[in-house]
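Student: Kindly generate the corresponding structure for this input.
(2 chains)
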2 protein chains.
Amino acid sequence: MSGIAERLTAAIGEEQVVTDPQVMEGYSHDEAEWAPYGRPAAVVRPRDTADVSATVALCAELGVPVVARGAGTGLSGAANAVDGWVVVSFERMNRVLEVDPVQQTATVQPGVVNDDLRERVARDGLWYPPDPASAPWSTIGGNVATNAGGLCCVKYGVTRDYVLGMEAVMGSGEVVRLGRVTAKGVTGYDLCGLMVGSEGTLGMVTEVTLRMRPLRTGAEHTVVGYFDSLTDAGRAVAAVSAAGVVPSAMELIDRFCLQAVDAWKNMGLSAEGEVLLLARSDQPGAAGEEEAERILSCFRDEGAVYAVRSTDQEEAEALFEARRLAYPALERLGPLLTEDMCVPKAKLPEMLERIEAAAERFDTRIGNIAHAGDGNLHPLFIVPAGDEAAKKRAQEAFEVIVDEALALGGTVTGEHGVGLLKMRGAAREMGPDVVRMHHAVKNALDPRGIFNPGKVFA
Amino acid sequence: MSGIAERLTAAIGEEQVVTDPQVMEGYSHDEAEWAPYGRPAAVVRPRDTADVSATVALCAELGVPVVARGAGTGLSGAANAVDGWVVVSFERMNRVLEVDPVQQTATVQPGVVNDDLRERVARDGLWYPPDPASAPWSTIGGNVATNAGGLCCVKYGVTRDYVLGMEAVMGSGEVVRLGRVTAKGVTGYDLCGLMVGSEGTLGMVTEVTLRMRPLRTGAEHTVVGYFDSLTDAGRAVAAVSAAGVVPSAMELIDRFCLQAVDAWKNMGLSAEGEVLLLARSDQPGAAGEEEAERILSCFRDEGAVYAVRSTDQEEAEALFEARRLAYPALERLGPLLTEDMCVPKAKLPEMLERIEAAAERFDTRIGNIAHAGDGNLHPLFIVPAGDEAAKKRAQEAFEVIVDEALALGGTVTGEHGVGLLKMRGAAREMGPDVVRMHHAVKNALDPRGIFNPGKVFA
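Tutor: Got it, this is the predicted structure:
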C-alpha cells in the first residue's frame, strides 16, 4: 500500500479506501476510450463532506493530485486517473437531501443519478430539465463538472442554468458555500457558476442546490422529417430557428446510427431517408399544434423527402429512444471517438458538409447524431478494432473537424467538456491571453495544483 | 491638469478626456444617494476598444484606479469615483453591431440603452427579456456589471442568463474574447459569466453578445389583487409558486408608493387596499387564461380584499408603469435608500413582517416595492431632507433588515449589486473563506488592483 493510501485509511477508515488494483481499474477512466489513463494510488469512496475534506487536506499536504468521478460516463477523459493520483468516487454520496416545492429547488449530493433525481422531484410536481443521453447512469456531480446538456437544452438550457448554489471542498480541504438558494442574487463573483464546467480542476462539489421547473403535464407534439442529405437537414434546422420557433427538442440522427440501434435492439425502425430530424413542441394546447405545424412547414420547405406530425406516441418515443441509444449502439461496433463541437445555427449545413468531406478525405466512417437545434454536433468516429492505421486517420479527421468548427465561429465542446481529448482545440479557441487567465484563476483557487492538473488546459 | 489626464490626452486625444470639474461631477457617482464619492482626475469617453485598452494600459502603468460607468443609474455606489481615479464612461460606445435572427443573438457595445436594444431587435422578431425598472436609461454595460434583473426575471431570468460572450479589456490593457456566440459551450472556465455581476472589479466589457428570444406576440393576461397587509400579499405569492405557476411577472407595490406615483403623474390610480399584487401570464391561448385563473384563485384563497383579471389593457399597463415609476416618485420626497435583498419565496411573508417591524422600531418611513415572484424585495427608506437623526435611524433599520434577510436564508442583493452600500452584509453572507477566494481571483485577474478597488469586498 502506498504512503497516501495508508494515510487516507488512517484518516477516514479502511472501508472508504480502495487499493485493490483490479477494483481500482474500474475507477481509473471514463468512457473516452481514446484518452490515456494511469493507475491511481487509491480510490476513496467518501460517506460525507468530512471524508472529502479530509482526503483533499491530505492530498494537499502530500502534494498528491486528486480527481473526482461520478458514474464515469464522461466522453473526454476528464475523470481519468494518472499514475499515483487519488480518485474520489461519489457513488455513496447519492441522497436527495431536500425538495422544496414552493421555492422550486432540490438540494442533492453529487452522486445522485440524473434520472433518479428527475423521478424523485416529479413526485412533488417539479421537473429537472437537463437530460444528457447518459441520464440513466450519469450523476449530478458529473453533470455539474462538465456543464452537461442534453435533448431539451434547445429550449430549457444546460446544467449551469439550474445550479443556484453548492457546497464545495477547496484546495486546503476547506468547506465553502458558493452561490445561493434564492431565485436571484449578485453578492460577489459568480464562483458557483465558475465551478460548473470546470471539470474538477478547481475543487470538489459535495452538495448542489438546483433550480427546478413545474412538471410539464400536457402532451408533446412530435414532428418527424427525413432528408436526403445532412445539409438539407441542416438547412431545415436553421429555417426553424429563423422562423422564431424554439422547439422543446430538435435532434438529428443519420441512417447509419439508426440502423446500428435497430440491429442491436430490434426496434423495427425504418429509415425513410438518409437523415432523420426529430422535433418537438411542448407549448400547451392549440399553440403546440400550431408550433408543430410551423416546424413541419420548415421541414417540407427545405426539401424533406418525408415529413409528418407523428400521431403515434409510441413510435415517437421509440425514435427519441433510438437517438439516446445511438452512442452505445455504435460503441458495440468498435473503438469510438466522439466529437462535440457547437456552431452558430446558420452554419449548421456548412459544418455538416465539412464533416462529410473530412470523412471522405480521411477514409473514415463517421456516424452523425446532433442536438441540431443548438448547433451541437456529435460526429462519431468508428474504427475497426485493432486497425491502427484507421485509428490514426480518424484522429486526423477529428482534429480537422475541430479546426473547421473554429473557422465557422464555433466552439470545440458544446457539452462534453475539454478533458484530455479537446485540449489542442480548446487552446486554439481560447488563445494565449485567455489560457493565461485560466492559469491565474487555477493558481488562485488551487494554489497547490492538486485538483485534476493537466486537464482542460496545459 | 493632473499627470494622468495629460498622459491620457496624449494617448487618445483631447476630445476623449474630460477634466472640467463641473462636468466631471456628473460622472462621479451613481444614484445611490447615500454612498460616498470623490473627485476623479479625469473622465474618459472612449470611441472604441482601442481607447479603452490604451486608458487601462496607462492606468496600470501609473497605478491609477479606474472605474467604468454606463448611465449611472446604479443603486449601490459601484460606479462611484474616488479622489484621483479615472472614470471611463461608455456613452459613445452605444452601437448595436449585429442582430442575427437565425442564431437569435445580438452583439452590442456596452453603452447601448436597454430599451433601445429591445426596440431594435423587435424589428427582427426578437426579444431581450431583462428589464430593470431603469430600462429607459440604463445601459447594457451597466446591466452586465450588476447582473441586472427586472420584472420578467421571475420567468425569464437575469442578465447573466443572456450573456453568451464578450470582448473585455483586462488588467494590462490586453483585449480578450470570453465565452462564445454558440447556443452551448463548455470550453474552459466560465470567465464570461464571472465578469457578469463583478461590478467593474475585474476588467472592462467593451462588447457583448446577447442571447435573444423570439418576440412574444400574444396578449398577456393581467391579474390584479389588493391585500390588507404585506404578509397577506406575501402568502399569496408563495401560494402561486406552490401551485406550480410561473407567472411572466409578479410585482408588489404598497399604497404609499402607489400614492407617491399618483401625486407625481396624476395617473388616477386608486388603491383598493394596502398592498397591490400585479401578476401576468404570457402563456399562449387558453393556457394563459387558465394560468391567470389559477393565480386569481391563489389571491382569493389568501385573503385578497379585491382581486380581478384585468380586462382593461390600458389600466393594466398603467399599474405596471406605476410600479416602474415608484423609485423616481419616492426620490422626489427626499434622500432615498434602497434595499434589494432576496429571500426564499416561502419566507416572503415573514420577511415583509420583519421589514414592518424594523420600520416601527426605528421610527422610519419604509415604502415597499418588490419583484415578489422572485422573493426580491426593495424596501425604500425615505427621510426628510436634512434630518440627520432620521437618516441615522434609517441606516440602522437598513442594516437590521440586511441581517434579517440573511437569517431567513436570503441574499443581501438580488439585482442591484454590492457596490459600497452592501459591503458589510455581503461579507457576512459570504464568510471569510469565500471573501478570501474573492481576493485570490481579483489578484489573479487584476494583479495591479486598478479595477474599481475597494468595492464589493474590502
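Student: Would you confirm that A:G125 contacts A:P101?
Tutor: Yes - the pair A:G125 / A:P101 is scored as a contact, 6.2 Å apart, by C-beta atoms under 8 Å. C-beta here means a position set from N, CA and C on the backbone, and glycine is covered the same way.
Student: Based on its surroundings, how many neighbours for the closest residue to A:F451 other than its chain neighbours?
Tutor: Of all residues not flanking A:F451 in the chain, A:T201 sits nearest, at 5.2 Å (C-beta to C-beta, 6 or more residues apart in numbering or on different chains). Other residues lying near A:T201 total 27 when counted by other C-beta atoms under 10 Å in any protein chain shown.
Student: give me the element A:T201 is part of.
Tutor: Per DSSP states H and E: A:T201 is located in neither a helix nor a strand.
Student: one step back: residues bridging contact with A:G125 and A:P101, i.e. touching both?
Tutor: B:G244 (C-beta atoms under 8 Å, 6 or more residues apart in numbering or on different chains).
Student: Between these two, which has more neighbouring residues?
Tutor: Ranked by neighbour count (other C-beta under 10 Å), A:G125 and A:P101 place A:P101 first, with 19 against 16.
Student: Quick check, the more buried one in contact with B:A243.
Tutor: No - with contacts counted by C-beta under 8 Å, A:P101 stays clear of B:A243, the gap being 9.4 Å.
Student: buried sites along the least confident helix or strand in chain A by mean pLDDT?
Tutor: Here the helix or strand of chain A ranked lowest by mean pLDDT, DSSP states H and E is helix A:313-331, holding a mean of 89. Using 16 or more other C-beta atoms under 10 Å in any protein chain shown as the test for burial, helix A:313-331 gives A:316, A:318-320, A:322-331.
Student: Next up, the contacts around the nearest residue to A:A135 once chain neighbours are set aside.
Tutor: Leaving aside its sequence neighbours, A:A135 sits nearest to A:N114 (C-beta to C-beta, 6+ apart; 4.2 Å). A:N114 is in contact with A:128, A:130-132, A:134-136, A:138-140, A:143, A:148, counting by C-beta under 8 Å, 6+ apart.
Student: By neighbour count, which of these wins?
Tutor: Among the contacts of A:N114, A:N143 has the most neighbours (other C-beta under 10 Å), with 35 neighbours.
Student: List the contacts of stretch A:407-415.
Tutor: A:76, A:132, A:146-150, A:153, A:158, A:340-344, A:347, A:350-351, A:354, A:371, A:374-377, A:402, A:405-406, A:418, A:422, A:425-426, A:428-429, B:180-187.
Student: Give the bridge partners for A:V96, please.
Tutor: Here A:V96 sits in beta bridges with A:V108, going by DSSP bridges.
Student: I'd guessed it sits against A:E119; true?
Tutor: No - assessed by C-beta under 8 Å, A:V96 is found out of contact with A:E119, at 9.9 Å.
Student: the more surrounded of these two?
Tutor: Neighbour count, other C-beta under 10 Å: between A:V96 and A:E119, A:V96 has more, with 16 against 12.
Student: circling back: closest to chain B out of the contacts of A:N114?
Tutor: Chain B has its nearest neighbour among those in A:A148, at 8.6 Å by C-beta to the nearest C-beta.
Student: ok, and the closest non-adjacent residue to the closest one?
Tutor: A:P132 (4.5 Å).
Student: The one you found and B:D312, how far apart?
Tutor: 47 Å (C-beta to C-beta, to the nearest Å).
Student: what's the answer for A:R428, then?
Tutor: Taken as C-beta to C-beta, the span from A:R428 to B:D312 is 58 Å.
Student: Compare those two (neighbour count), which wins?
Tutor: Ranked by neighbour count (other C-beta under 10 Å), A:R428 and B:D312 place A:R428 first, with 14 against 11.
Student: Flag every residue of the stretch 251-400 of chain A that's near chain B.
Tutor: A:283-287, A:342-346, A:371, A:373-376 (C-beta under 8 Å from any C-beta of the partner chain).
Student: State the phi and psi torsions of the spatially closest residue to A:S134 that is not a sequence neighbour.
Tutor: Closest residue to A:S134 apart from its sequence neighbours, by C-beta to C-beta, 6+ apart: A:T73 at 4.1 Å. Listed backbone geometry of A:T73 is phi -90, psi 0, with angles given as degrees, to the nearest 10.
Student: quick one: pLDDT of A:T73?
Tutor: Looking at A:T73, its pLDDT reads 96.
Student: what's it in contact with, if anything?
Tutor: A:30-31, A:134, A:137-138, A:142.
Student: Please repeat the previous calculation with a cut-off of 6 Å.
Tutor: Listed by C-beta atoms under 6 Å, 6 or more residues apart in numbering or on different chains, the contact partners of A:T73 are A:31, A:134, A:137-138.
Student: go on, A:R69?
Tutor: Counting by C-beta under 6 Å, 6+ apart, A:R69 has contacts A:79, A:89.
Student: Just give me the neighbour total for the nearest residue to A:Q103 once chain neighbours are set aside.
Tutor: Once flanking residues are discounted, A:Q103 sits nearest to B:P344: 4.9 Å by C-beta to C-beta, 6+ apart. B:P344 has 23 neighbours, counted by other C-beta under 10 Å.
Student: pLDDT score for B:P344?
Tutor: 96.
Student: My guess is it contacts A:V102. True?
Tutor: No - the criterion here is C-beta atoms under 6 Å, and B:P344 misses it with A:V102 at 7.6 Å.
Student: Between these two, which contacts overlap?
Tutor: Contacts common to B:P344 and A:V102, judged by C-beta under 6 Å, 6+ apart, are absent.
Student: and the stretch 51-200 of chain A, which of its residues are near chain B?
Tutor: Within the stretch 51-200 of chain A, the positions near chain B by C-beta under 6 Å from any C-beta of the partner chain are A:101-103, A:125, A:147, A:149, A:158, A:174, A:176, A:180-190, A:193-194, A:197-198.
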